[in-house]
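>>> no letters, just coordinates:
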Ligand SMILES: [Zn+2]
């Protein structure tokens, strides 16, 4: 471990989960005391007016290392995560080479430790080389130093139901979970690049329908029931998916789901200008779907928010719409977007935000030490949010290596001010330490 001893820090006057105001004393990386406290010998961080939440946990981050270090590295992605208030991220397996062995998983894990800004937990591939046929070394990855618990071929769907069934049976043995990129490859053709609907027809863009997602979600919840294993739906994007999830949960099936900030706010109408910034997989959907996703997140049908942070170099994104890469940045802006869509609208409280952006994702991923309440004895993974900020997003101010930011020029009413990883500030006053 390269971490320095964090010493003693007093967070003065924070609003814990937006509910009650208190001072928080952090000693040697752990919350030591909460109350009305004096600060002798402590470094004082003024948290007056700031909302304190447990450090955010992202179930779905693309860090691009190894293989595409021109788009992002573990270091630059960790910086973006810390700036966004995250203290742990799950790094997706679709790097080059793919994270499909214990050695590859340990390498990503070690790069995260060396960067030292967030805990980087590798996601293991479900199948070798994301090929969709032969299972990857799931058990070896689980038993490795990286302690992999989440497996995903994200970017691709595990389309073969026999392979998905075997993966679910396998991960059950060690409490793992399969995170599925739900998209039937036959219903979503190889050229598809946006939501299939009236607009895609008018624009002349090949679209894929919501049902391409929904049939896989429906299939997978049945496979989860059959195997008694856990399935996680990555980036849910349609009202139909919400209906399937609601039914599956009513049956007690072990399914969880995430939604991205961009699917909570942006709609397919943005594609009318053919701007590849808004090309994302799954695609932006119509307003009815966005409404259903918000309601599902508020009522717990969707369990978590995950960024699907997908950095791309300019030369991969600046193409005609059909040829541009899929994906958008998300780590630095997730909290402001969720605050705007869910909290300012009254759909959720800050305590709910803590649940969907920290506690539940940490539980889904089996990450001990993250997602704990702000309580004495818990590791001091904490984010402090200014709930009355006036933040205009500037893509050129990003600490990510990439610039494919869909929020450029938008103004949000909340901003991350400070982030602490085990008591050590990684971000203070909105800047990396
Ligand atoms: Zn995906």
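Yes, it's here. This structure is a prediction, so every number in the text was calculated from the model and none was measured. Numbers count the residues shown, from 1 in each chain.

>>> every contact and neighbour count from this point should use C-alpha atoms.
Will do.

>>> my guess is residue 285 meets residue 267, correct?
Yes: contact criterion CA atoms under 8 Å: residue 285 and residue 267 qualify, at 5.2 Å.

>>> neighbour count: those two, which is higher?
residue 285 (25 against 19; other CA atoms under 10 Å).

>>> tell me the secondary structure for that one?
Going by DSSP: H, G, I helix; E, B strand; the rest coil, the secondary structure assigned to residue 285 is coil.

>>> ok, now which ones touch it?
Applying CA atoms under 8 Å, 6 or more residues apart in numbering, we find residue 285 in contact with 195, 237-238, 263, 266-268.

>>> and if you look at residue 374?
Contacts for residue 374 (CA under 8 Å, 6+ apart) come out as 16, 31, 53-54, 380, 382.

>>> give me the phi and psi angles of residue 153.
phi -90, psi 30 (degrees, to the nearest 10).

>>> if we can go back for a sec, adding secondary structure, write the contacts of residue 374 out as JSON lines.
JSON lines is the format used below for these (three-state DSSP):
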{"residue": "16", "secondary structure": "strand"}
{"residue": "31", "secondary structure": "strand"}
{"residue": "53", "secondary structure": "strand"}
{"residue": "54", "secondary structure": "strand"}
{"residue": "380", "secondary structure": "coil"}
{"residue": "382", "secondary structure": "strand"}
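
>>> ok, the residues you listed vs the ion, which is closest?
Closest approach between the contacts of residue 374 and the ion, by CA to the ion: residue 54, at 25.8 Å.

>>> what separates that closest one from residue 353, distance-wise?
10 Å (CA to CA, to the nearest Å).

>>> which pLDDT value does the model give the closest residue to residue 403 other than its chain neighbours?
Leaving out its chain neighbours, the residue that sits closest to residue 403 by CA to CA, 6 or more residues apart in numbering is residue 395, at 5.8 Å. pLDDT for residue 395: 95.

>>> please apply the same query to residue 40.
Looking at residue 40, its pLDDT is 86.

>>> that one should be in a helix, yeah?
No: counting by three-state DSSP, residue 40 is not found in a helix; it is coil.

>>> which residues touch it?
By CA under 8 Å, 6+ apart, no residues touch residue 40.

>>> for the stretch 251-400 of the chain, what spans make up the strands?
Secondary structure of the stretch 251-400 of the chain (DSSP state E, counting those that start in this stretch): strands at 255-259, 304-305, 382-386, 391-392.

>>> reformat these as CSV; add mean neighbour count and mean pLDDT.
Shown next, in CSV, are the strands of the stretch 251-400 of the chain (neighbours: other CA atoms under 10 Å; pLDDT from 0 to 100):
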stretch, mean neighbour count, mean pLDDT
strand 255-259, 26, 98
strand 304-305, 30, 98
strand 382-386, 26, 98
strand 391-392, 15, 96
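
>>> shaky segments in the chain?
Counting by pLDDT under 70, the chain contains low-confidence residues at 1-6.

>>> got the residues of it near the ion?
Contacts of the chain with the ion, taken as CA under 5 Å from the ion, map to 154-155, 181.

>>> now do whichever strand or helix holds residue 9: which elements does it pack against?
For residue 9, the host element (DSSP states H and E) is strand 8-16. In terms of contacts (3 or more CA pairs under 8 Å, 6 or more residues apart in numbering; DSSP states H and E), strand 8-16 is packed against strand 20-27, strand 43-46, strand 51-54.

>>> as TSV, those with mean neighbour count would be great.
Output for those, formatted as TSV (neighbours: other CA atoms under 10 Å):
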stretch	mean neighbour count
strand 20-27	22
strand 43-46	15
strand 51-54	28
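
>>> let me have those in TSV, extended by distance to residue 406.
Supplementary listing: the helices and strands packed on strand 8-16 in TSV, determined by distance: least, CA to CA, whole Å:
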stretch	distance to residue 406
strand 20-27	34
strand 43-46	32
strand 51-54	25
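
>>> can you tell which of those is closest to residue 36?
Set against residue 36 and scored by CA to CA, those come closest in strand 20-27, at 5.6 Å.

>>> distance check, residue 219 against residue 213.
10 Å.

>>> the more surrounded of these two?
Per other CA under 10 Å, whichever of residue 219 and residue 213 has more neighbours is residue 213, with 25 against 14.

>>> correct me, but that one touches residue 186?
No: in this structure, residue 213 is not within contact of residue 186 by CA under 8 Å, at 11.1 Å.

>>> for residue 100, what are its contacts?
Taking CA under 8 Å, 6+ apart, we find residue 100 in contact with 93, 124-129, 136-138, 141.
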